[in-house]
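1. can't give you the sequence, but here's the structure:
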């Protein structure tokens, strides 16, 4: 189930029936600016994030409620979402919209949201991230496609998160693997279990300044003599960052294609999503 609620700026005022409430499932990429735009438009917003560190990316606001913790429970994430939706309705504070702005590779949570919303009759919108052209990068349909690339003795930086490191290593046995991870115990355990030694791991939280991140990671690439970078084709800041870095340093970029979207959600780019949501009554207050 979800962790504790953090009310930013005091109690969250609700109109009769809770019709101005939006539940936003997001991280630290699109989430904070999207939440800010919804608040400015007069909505009361609940944001669900996985960690307290992610919660700190959201500026306090009287109509912002932060829920910290994984959406999970005995019945899995779908059951946890259903409990929250039904509980809100029973309290007379249903959500007008649920907006899924989770990472494109977070397939489990997006599928669970779609199933739970269909079961509860909850309107669901899904934020569609941009899909820039590959622009010289090699697009991989899946991690198995690594086997078709000549990686023998090549220094390969894996910037795909920790969960699929073992799979990536298994499909590129000839490469010299390095990994860029978030500084979390679980991520480090997964990297070590994948066979990546401590000297080839960097546990770093992205700096607030994009230039600082580029400087740190460029230094890592030079130190490790990186020749190729594998990152996810997420359409977000991380992909843009690795595109720029690889172009500047002359590195080959491998892009792991994003998975297909689960059925059940209306998929909209940012401008169309905001237009669909419209303005909340709080805009008139």
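-> Structure's in. What do you need? The shown structure was predicted, so the numbers you read here are calculated from the model rather than taken from an experiment. Residues are numbered from 1 along each chain as shown.

2. domain ranges for the chain?
-> The record's domain parsing of the chain by automatic domain parsing lists 5-129+261-284, 138-256.

3. lowest-confidence stretch among the ones you listed?
-> When the domains of the chain are compared by mean pLDDT, domain 5-129+261-284 comes last with a mean of 86.

4. quick one on the thing from earlier: want to try a markdown table for the domains of the chain, with mean neighbour count as columns?
-> Using the backbone N, CA and C atoms, a C-beta is placed for each residue, glycine as well. Converted to a markdown table, the domains of the chain look like this (neighbours: other C-beta atoms under 10 Å):
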| stretch | mean neighbour count |
| --- | --- |
| domain 5-129+261-284 | 18 |
| domain 138-256 | 17 |
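
5. The most centrally placed residue in the chain in helix, strand or coil?
-> Nearest residue to the geometric centre of the chain (C-alpha atoms, centre = their mean): residue 103, 3.0 Å. Under DSSP: H, G, I helix; E, B strand; the rest coil, the three-state class of residue 103 is coil.

6. Hmm, it is touching residue 237, no?
-> No. Counting by C-beta atoms under 8 Å, residue 103 stays clear of residue 237, with 11.3 Å between them.

7. joint contacts of the two?
-> Between them, residue 103 and residue 237 share these contacting residues under C-beta atoms under 8 Å, 6 or more residues apart in numbering: residue 29.

8. Can you show me the strands along the chain?
-> Here the chain has its strands, by DSSP state E, at 5-8, 21-26, 44-49, 64-68, 97-101, 124-127, 138-140, 155-159, 176-181, 201-203, 228-232, 252-256, 266-268.

9. State the number of residues packed around residue 258.
-> Counted by other C-beta atoms under 10 Å, the residues lying close to residue 258 total 17.

10. Quick one: residues contacting the residue nearest to it when sequence neighbours are not counted.
-> Once flanking residues are discounted, residue 258 sits nearest to residue 104: 4.3 Å by C-beta to C-beta, 6 or more residues apart in numbering. Residues near residue 104 by C-beta under 8 Å, 6+ apart: 129, 232, 234-236, 258-259, 261.
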